[in-house]
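Q: how would this look folded up:
(chains A and B)
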Amino acid sequence: MAGSEELSRNGRRANGREQIPALEWATAILGAVLLAGALAFLTHQALVSEDRAGAITFVVKQVRPLGEGFLVEFEAHNPGRETYAEVEVEGSLRSAGGGEERARATFDYLPGRSSREGGLFFRNDPHDGELRIGAQGYRKP
Amino acid sequence: MTMEMWWLGFYMDPSRLALLVATELPLLVALAYFSGFEDTAGLLDAVVDAAGAFAVAFVTAAAVLSLFGVIGLDTGLDEAVRMVTLQAVSGSIGALLAQSQFGKADEEDRKRRTAGRVAEYFFMGVGALFLAANVAPTEEMVLIAYKMTFPAFLVLAAVSVTCMHAFVFAVEFRGEVTLPPGTPFWSAFLRFTVLGYVIALGISAYVLWSFGRFDGTAPEQALRQTMVLGFPAAIGAAASRLIL
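A: From the prediction side, this is the model:
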C-alpha cells in the first residue's frame, strides 16, 4: 500500500479516495449549520409551550374612498403561537345618527406570531363614526 | 408549489417536523453513500454529500419561496423557518437524486451488490418518503380516502403491488443483476414487492402522522388515508430501484 506517495501523485488520499474539495466542505458545513439550527429552533418551539392562544389585534392601516363607498385597510396580528384557520373578521361602523353598518372578511389562515392584511368596504364614511373591528371566530386547522 | 405544503409549515407540530428531519438524516446519508456521483467510498464522504444536499435544498427552498412571494421580509421567523425546513426535507432527497442521474459508476453497483438486501430496502424507503412527503399534505388524500368504497381499497392494494412487481421485471430487463438467475417468482415477490409495499405503507403512515392527519381521526379513517397515500409511495419505492 503506497500511502503517502499516492497522495502526492494524483491528489488521492491514502485509502484511494479523492480529496474532498474545499467548496464541498463549505457546502457541507453550511448544511450542517442550517440543519442544526433548524432542529434547535424547532425543538425550542416545541418545548416552549406556554399559553398558545392569543387575542387577535387589529390595526387600521388606511381609510380611503373607493367607488361609491370607502375602503378600510387593516392588519390583523395573531400574537399567540396557535394558528387560526378561517378567521371571521367583522367590522362595525356606528355613525353619529345611530345607524350601524357591518362588513365582514375571512382569512384562510392567521398563523401564530404573524400578521395578515385585509380590507372592509363601507358605504358610510368611517371618519364620521366609530369604527370597531374584531374577530368573531376561527377553525382549528 | 402546493399551498398545503406552505400551510403545513406553520401549523405542523414543530416537534414532529424536527423528528421528520432527524429521521430523514440517516436515509440521506445512506442515499449519498450508495449513489453519489463521485467514487465516494467512505462514510465521511456520504455525510458531507448529505449535508451539502440539505444546504442546497434549504437555500433553494428559501429562494424559491421568496420568489413566489410566499415568504417575505414581513413573514414571521417561526413561519419562514418551518416552511423552508419542510420543503428542504424532500428537496434534499431531490438534490441527491439529481447527483445520481449523472451516470452510475461501476463502483456504485459494486457497493450496492455487496450491501445486499438492506441497501435495497433503504432505497425503497427513500423513494417512498420522497413521493409521500410531496403528496401527503394535499386535501385530495383525505378526500379520496372518504370517497373510496371498501372493495376499491382491495383493488388499490392489488394494483399497488402489481405495479411494484412490474418494476422488478423492468429492472431485470435492463440487465441489472439484482436477483440471482433462477430465483422463484414467489421469492422475489415476497422479499421485494410485498416487503416494499409494507415499507411504503409504513412510511406513508409516518408521514401522515407527522402532518397531523391522524390526530383525532378514527383508526379506520387513518388506515384508509394510509392506503391511498401508499399507492404513490409504493410506486416511489419500486421506481427508486430503477432510478437510484
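Q: pLDDT weak spots in the chain?
A: This is for chain A. Applying pLDDT under 70 to chain A flags residues A:1-20, A:49-52.
Q: was after chain B, sorry
A: Across chain B (using pLDDT under 70), the flagged ranges come out as B:35-41, B:100-117, B:171-185, B:188-189, B:243-244.
Q: residue closest to the middle of it?
A: Nearest residue to the geometric centre of chain B (C-alpha atoms, centre = their mean): B:L129, 1.9 Å.
Q: Same check on chain A?
A: A:S114 (4.3 Å).
Q: for that residue, which residues make a bridge with it?
A: For A:S114, the beta-bridge partners are A:N78 (DSSP bridges).
Q: which one's the longest helix in chain A?
A: helix A:22-47 (DSSP state H).
Q: Which secondary structure elements does it sit against?
A: helix B:14-35, helix B:43-67, helix B:77-100 (3 or more C-beta pairs under 8 Å, 6 or more residues apart in numbering or on different chains; DSSP states H and E). From N, CA and C alone the C-beta is placed, and that goes for glycine too.
Q: and the helix or strand harbouring B:V198, what does it pack onto?
A: According to DSSP states H and E, B:V198 maps onto helix B:195-210. When contacts are defined as 3+ C-beta pairs under 8 Å, 6+ apart, helix B:195-210 sits against helix B:14-35, helix B:117-135, helix B:150-173, helix B:219-243.
Q: Try it again at 7 Å.
A: helix B:117-135, helix B:150-173, helix B:219-243 (3 or more C-beta pairs under 7 Å, 6 or more residues apart in numbering or on different chains; DSSP states H and E).
Q: Throw the ones you listed into TSV and include distance to chain A, thanks.
A: TSV is the format used below for the helices and strands packed on helix B:195-210 (distance: least, C-beta to the nearest C-beta, whole Å):
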stretch	distance to chain A
helix B:117-135	16
helix B:150-173	27
helix B:219-243	17
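Q: For the nearest residue to A:V89 once chain neighbours are set aside, list the residues it contacts.
A: The spatial neighbour of A:V89 that comes closest, neighbours along the chain excluded (C-beta to C-beta, 6 or more residues apart in numbering or on different chains), is A:A105 at 4.7 Å. Contacts here follow C-beta atoms under 7 Å, 6 or more residues apart in numbering or on different chains; on that basis A:A105 touches A:89, A:118-120.
Q: Go through those residues and give me the one with the most neighbours.
A: Most neighbours among the contacts of A:A105, by other C-beta atoms under 10 Å in any protein chain shown: A:L120, with 24 neighbours.
Q: ok, now which ones touch B:G230?
A: B:160, B:200-201, B:204.
Q: Do I have it right that B:Y197 meets B:S160?
A: Yes - between B:Y197 and B:S160 there is a contact under C-beta atoms under 7 Å: 6.1 Å.
Q: Residues that sit against both of these two, list them.
A: Common neighbours of B:Y197 and B:S160 (C-beta under 7 Å, 6+ apart) are B:A234.
Q: distance between stretch A:21-35 and the chain's centre?
A: For stretch A:21-35, the separation from the chain centroid amounts to 28 Å (computed by C-alpha atoms, centre = their mean, to the nearest Å).
Q: Kindly report the same for stretch A:100-118.
A: Distance, stretch centre to chain centre, for stretch A:100-118: 13 Å (C-alpha atoms, centre = their mean).
Q: just to revisit the earlier point, please look at the residue nearest to the centre of chain B and B:I203 and confirm they touch.
A: Yes - between B:L129 and B:I203 there is a contact under C-beta under 7 Å: 5.3 Å.
Q: Buried deepest among the helices and strands packed on helix A:22-47, which one?
A: helix B:77-100 (a mean of 22; mean count of other C-beta atoms under 10 Å in any protein chain shown).
Q: Can you name every helix or strand that it contacts?
A: By 3+ C-beta pairs under 7 Å, 6+ apart, helix B:77-100 packs against helix A:22-47, helix B:3-11, helix B:14-35, helix B:43-67, helix B:117-135.
Q: try it again with 10 Å
A: helix A:22-47, strand A:114-122, helix B:3-11, helix B:14-35, helix B:43-67, helix B:117-135, helix B:195-210, helix B:219-243 (3 or more C-beta pairs under 10 Å, 6 or more residues apart in numbering or on different chains; DSSP states H and E).
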